[in-house]
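Novice: this one's structure only:
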Ligand SMILES: NC(=O)c1ccc[n+]([C@@H]2O[C@H](COP(=O)([O-])OP(=O)(O)OC[C@H]3O[C@@H](n4cnc5c(N)ncnc54)[C@H](O)[C@@H]3O)[C@@H](O)[C@H]2O)c1
């Protein structure tokens, strides 16, 4: 069978921790061929650790050796590199968020279409077993028409102290664009891509701008910190749905908490852990699923879906048009917070 030749651009934490090990587990269908990083030592380290034969200093050269790339650079470079790859005839799996602005996302989609190449985004929460069950339950109308969705993506005192996560120029934002985006994406997917019409948002940075913070994920500089560490939002959709959203890297709460729940006309569900809340036989009726040991890890499932789709054997689960909607909502949340008014979307 033909194996997909995969290149890695940006050989840092997520490349070495998730993508490369996942592709290594799919050796029948994909071969890691080349790696590139602005920091050449990083690229060489990854090549040595994972037995990748080619190291390049610029990505244009890497494109000549591969069928697909996985982009794992800071967010600022996602659009530029993805468009260059697509124009070189290379499929793209780009880390999340798709890009910082909707305009960049639109250009990425246009490049994928023009060159007839695949483009997907690393919204891997969709590949968790709980999210897969929730999608099946939604598709099977277990809760009827959805009405209200609640999202909480909360960490207690865990501002990432490594990399460039607290740098607005390179990342475009903080807790929302880094962590909240996953749960926003998951909510939109489960709700079957409703059309947002109005967004109210509020961002905070006061805790992280205050010197001497206790932080569980390493040290960061409160003076250069210029992104959000806590965000709330209220979003309405054209079909009457509403979504209450909160995310944080640094909340003063008892424990970290990742929650997504949907109340519908006939029932409700919670994703983490997966539970259904219904009324049956004259009683309130709760059911839950046992997630079996040995389910593929989300990173592996994501890698397999992308590789198989590039080989024409599957269909992408994360479509770029859906990822664009997440960026559009995040842009609106940031704008709403800046202007102090709600943002109406077309
Ligand atoms: N899906 C997830 O849950 C998840 C988790 C962590 C990070 N990410 C995303 O992955 C991306 C990278 O994050 P990370 O944690 O690996 O960061 P990192 O800092 O560990 O690694 C980034 C690497 O990119 C390299 N780099 C920077 N600019 C470059 C450029 N223009 N061209 C080539 N290489 C470049 C850096 O030298 C570094 O080695 C970000 O977009 C982030 O949002 C996603």
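Specialist: Perfect, thanks for sending it. Keep in mind that this is a model prediction, so the values were computed, not measured.
Novice: Which residue would be the closest one in the stretch 151-300 of the chain to the ligand?
Specialist: At 3.2 Å from the ligand, residue 163 is the closest residue in the stretch 151-300 of the chain, using CB to the nearest ligand atom. Where you see a C-beta, it was placed from the backbone N, CA and C, and this is true even at glycine.
Novice: Checking that residue next. Helix, strand or coil?
Specialist: Following DSSP: H, G, I helix; E, B strand; the rest coil, residue 163 is assigned to coil.
Novice: ditto for the one 3 residues further on
Specialist: The three-state label for residue 166, taken from three-state DSSP, comes out as coil.
Novice: So the closest residue to it other than its chain neighbours: helix, strand or coil?
Specialist: Spatially, and ignoring its direct neighbours in sequence, residue 166 is nearest to residue 225 (4.7 Å; CB to CB, 6 or more residues apart in numbering). With three-state DSSP as the basis, residue 225 sits in coil.
Novice: number of nearby residues for residue 225?
Specialist: Residue 225 is flanked by 21 other residues according to other CB atoms under 10 Å.
Novice: Pull the contacting residues for it.
Specialist: By CB atoms under 8 Å, 6 or more residues apart in numbering, the contact set of residue 225 is 159, 166, 205, 208-209.
Novice: Dump these to JSON lines, plus neighbour count, secondary structure and pLDDT.
Specialist: Output for these, formatted as JSON lines (neighbours: other CB atoms under 10 Å; DSSP: H, G, I helix; E, B strand; the rest coil; pLDDT from 0 to 100):
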{"residue": "159", "neighbour count": "26", "secondary structure": "coil", "pLDDT": "97"}
{"residue": "166", "neighbour count": "24", "secondary structure": "coil", "pLDDT": "96"}
{"residue": "205", "neighbour count": "19", "secondary structure": "coil", "pLDDT": "98"}
{"residue": "208", "neighbour count": "24", "secondary structure": "helix", "pLDDT": "96"}
{"residue": "209", "neighbour count": "13", "secondary structure": "helix", "pLDDT": "96"}
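Novice: Including distance to the ligand, could those residues go into JSON lines?
Specialist: Output for the contacts of residue 225, formatted as JSON lines (distance: CB to the nearest ligand atom, whole Å):
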{"residue": "159", "distance to the ligand": "14"}
{"residue": "166", "distance to the ligand": "12"}
{"residue": "205", "distance to the ligand": "18"}
{"residue": "208", "distance to the ligand": "18"}
{"residue": "209", "distance to the ligand": "22"}
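Novice: quick one, helices of this structure?
Specialist: 13-14, 20-24, 40-50, 59-63, 78-87, 102-115, 129-139, 168-171, 175, 181-190, 206-209, 298-310, 320-339 (DSSP state H).
Novice: Tell me what angle the fifth one forms with helix 320-339.
Specialist: Pointing back at helix 78-87 there. Angle of helix 78-87 versus helix 320-339, following axes from the mean of the first three to the mean of the last three CA atoms, to 10 degrees, is 160 degrees.
Novice: Just list what helix 78-87 packs against, helices and strands only.
Specialist: Applying 3 or more CB pairs under 8 Å, 6 or more residues apart in numbering; DSSP states H and E, one finds that helix 78-87 contacts helix 59-63, strand 68-71, strand 91-94, helix 102-115.
Novice: Flag every buried residue along that helix.
Specialist: Residues of helix 78-87 classed as buried: 78-86 (neighbour count, 16 or more other CB atoms under 10 Å).
Novice: Tell me how far it lies from the chain's centre.
Specialist: 18 Å (CA atoms, centre = their mean, to the nearest Å).
Novice: The residue of the stretch 151-300 of the chain closest to the ligand contacts residue 12, doesn't it?
Specialist: Yes: with contact defined as CB atoms under 8 Å, residue 163 reaches residue 12; the gap is 6.6 Å.
Novice: between these two, who's got more neighbours?
Specialist: Ranked by neighbour count (other CB under 10 Å), residue 163 and residue 12 place residue 12 first, with 17 against 14.
Novice: dump the residue contacts of that one.
Specialist: Residues near residue 12 by CB under 8 Å, 6+ apart: 37, 42, 72, 163.
Novice: Any idea which of these the model trusts least?
Specialist: Among the contacts of residue 12, residue 163 has the lowest pLDDT, at 92.
Novice: how about the residues of the stretch 151-300 of the chain near the ligand?
Specialist: By the rule CB under 6 Å from any ligand atom, the part of the stretch 151-300 of the chain lying against the ligand is 163-164, 178.
Novice: cool, the stretch 1-150 of the chain as well?
Specialist: Near the ligand, when you scan the stretch 1-150 of the chain using CB under 6 Å from any ligand atom, you find 9-15, 36-39, 42, 72-75, 77, 95-96, 122, 124.
Novice: hmm, 5 Å instead?
Specialist: The stretch 1-150 of the chain has residues 10, 12-14, 37-39, 42, 72-73, 75, 77, 95, 122 near the ligand, with proximity defined as CB under 5 Å from any ligand atom.
Novice: Which of these lies at the shortest distance from residue 170?
Specialist: Of all those, residue 170 sits closest to residue 75, with 6.9 Å by CB to CB.
Novice: could you point out where the chain is predicted with low confidence?
Specialist: Confidence mapping of the chain against pLDDT under 70 gives the ranges 1.
Novice: quick one, what contacts the most centrally placed residue in it?
Specialist: Nearest to the mean C-alpha position of the chain, by CA atoms, centre = their mean, lies residue 123 at 3.2 Å. When contacts are counted by CB under 8 Å, 6+ apart, residue 123 touches 96, 181-182, 185-186, 189, 318, 323, 326.
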